[in-house]
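Enquirer: let me see the structure of the following:
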Amino acid sequence: MSGDKQRNKEKPEDKNKRKKTEHMTGIEPYYILKNNRRMRFGYTTGTCAAAAAKAAAHMMLTGDMIDYVRVMTPKGIELELEVVEAGFSDDSAACGIVKDAGDDPDVTDGMTVRATVERMPSGITITGGEGVGIVTKPGLEQPVGEAAINSTPRRMITEAVQDEAEKAGYGGGIKVTVSVSGGKEAAVKTFNPRLGIEGGISILGTSGIVEPMSEAALIESMEIEMRQQVAMGRKNIVAILGNYGREYLEGIDDFPVTEAVKCSNFVGETIDAAVSCGAEGLLFVAHIGKFIKVAGGIMNTHSRNADSRAEIMAAAAMRAGISHQAALEILSAATTEEALNIVDSEGRLKETMKEICDKIAFYIDNRCYGRIMTGALIFSNAHGYLGETASCRRLIERINGEKCGV
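Expert: Numbering: from 1, shown residues only. The predicted model follows:
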């Protein structure tokens, strides 16, 4: 933009001196307690894009350079964010907002989200530029071929630009192009390549605010992956809790390990998501150390929520016929593997796992009220295959049938 008005760029050494909280100038920082730690909130790439678009539209329509821009997030928190790398002319403007993820370990933290606005005859058009991914597979929020800018950020951008147009008395249209410096490189560290988003990161955020170590964000990512699988014709979903599950699957011939959804500790939420996204079946492939808890009706397997592993194992083993002394030893066992060894020494491992798998089947089916077929395949590192629920084989047949196009 030759002849345009531009702010002198800040020296790198000066920029490094600034505190991250200065990006939220005039706003009392928000915190949350996580695991007895005080952790600071941040703001999403969607909020950055909306704020950048608002600032750029203001500069283009008024001819005034601004240093800060205020934007209201869907969560109801208003932010005043610093405008960087700004420049404008009569017909266009561009500026950036630095992403601040707070105390969340976000790959986009510190990246600059830019918005370039241009005058158009009518309407508001939003598209992606360099560093913003393009959707290449069905099942995501945006259709194939569109920029990976989700609906909430699109709404925020539209409202921000409309607000500036109304204030300036401008009746024409505006095109907004969102770009992210380094977005293509950062995308390889995200779920985007797996989801079929190529060339950059996604512009995300339903609340506009980043909650540190957010469980909601993890669950949302899992739900997105499930919806995409269903949209691509995979109606029966495989869920693993972590790396143990993936490693175990890799040892099973002809099993679609690359299509497994990682659900972490969120067993209940995984079942809920499978129902809501239109799946017909859900198979958990899980280590006994986590899924023994599900046999007691525990739907979040993180240790801070519940344990009772020894108690559930001992109860199942007693129903299977182990001795009173062995049950007491299980209750004193330090690990689930140690408890399994005790059961095995009594010659009742198969019977005990039958008790455990029946209980697992009851609770996961109860969670979805029987609306989809649910099952579980249970293993341990030392013993390998341990057992499965009654519906496991049927689910595996369905899964392999879909994989082969049957």
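Enquirer: can you pull the contacts of the residue nearest to Ile209 when sequence neighbours are not counted?
Expert: Setting aside the residues directly before and after it, Ile209 is nearest to Lys75 in space (CB to CB, 6 or more residues apart in numbering), at 4.6 Å. All C-beta atoms are positioned from the backbone trio N, CA, C, and that covers glycine. Counting by CB atoms under 8 Å, 6 or more residues apart in numbering, Lys75 makes contact with Ser207, Gly208, Ile209.
Enquirer: would CSV of the residues you listed with distance to Gly387 be doable?
Expert: Formatted as CSV, the contacts of Lys75 follow (distance: CB to CB, whole Å):
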residue, distance to Gly387
Ser207, 41
Gly208, 45
Ile209, 43
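Enquirer: ok, the residue nearest to Ile209 to Tyr363 distance?
Expert: Using CB to CB, to the nearest Å, we find Lys75 at a distance of 34 Å from Tyr363.
Enquirer: Ala165 now?
Expert: For Ala165 relative to Tyr363 (CB to CB), the value is 54 Å.
Enquirer: picking up where we left off before, neighbour-wise, which of the contacts of Lys75 leads?
Expert: Gly208 (23 neighbours; other CB atoms under 10 Å).
Enquirer: grab the nearest non-local neighbour of it.
Expert: In space, Gly208 is closest to Thr73, 2.9 Å off (CB to CB, 6+ apart).
Enquirer: how many residues are close by that neighbour?
Expert: 20.
Enquirer: and if you look at the one 10 residues further on?
Expert: When counting by other CB under 10 Å, one arrives at 22 neighbours for Val83.
Enquirer: helix, strand or coil for Ser264?
Expert: With DSSP: H, G, I helix; E, B strand; the rest coil as the basis, the three-state label of Ser264 is coil.
Enquirer: so what's it up against?
Expert: Here Ser264 is in contact with Leu218, Met222, Leu241, Gly242 (CB under 8 Å, 6+ apart).
Enquirer: among the residues you listed, show me the least confident.
Expert: Within the set of those, pLDDT is lowest for Leu218 (75).
Enquirer: what's the helix or strand containing that residue packed up against?
Expert: Assessed by DSSP states H and E, Leu218 sits inside helix 215-231. Helices and strands touching helix 215-231, as assessed by 3 or more CB pairs under 8 Å, 6 or more residues apart in numbering; DSSP states H and E, comprise helix 192-195, strand 236-240, strand 261-262, helix 267-276.
Enquirer: just the buried positions in that helix, please.
Expert: Going by neighbour count (16 or more other CB atoms under 10 Å), the buried part of helix 215-231 is 217-219, 221-230.
Enquirer: any idea how far Lys175 is from Pro121?
Expert: Per CB to CB, Pro121 is found 10 Å from Lys175.
Enquirer: my guess is Val180 contacts Gly200. True?
Expert: Yes. Counting by CB atoms under 8 Å, Gly200 is a contact partner of Val180 at 6.4 Å.
Enquirer: what touches both of these two?
Expert: In contact with both Val180 and Gly200: Glu130, Gly131, Val132, using CB under 8 Å, 6+ apart.
Enquirer: and those residues, which are buried?
Expert: Buried among these by 16+ other CB under 10 Å: Gly131, Val132.
Enquirer: nearest to Val294, of the shared contacts of Val180 and Gly200?
Expert: Val294 lies nearest to Val132 out of the shared contacts of Val180 and Gly200, by CB to CB, at 39.5 Å.
Enquirer: mind listing what that closest one touches?
Expert: Ala147, Ala148, Ile149, Val178, Ser179, Val180, Gly183, Gly199, Gly200, Ile201, Ser202, Ile203.
Enquirer: follow-up on the earlier one: between Pro121 and Lys175, tell me which one has more neighbours.
Expert: Taking neighbours as other CB under 10 Å, Pro121 and Lys175 compare with Lys175 leading, 16 against 6.
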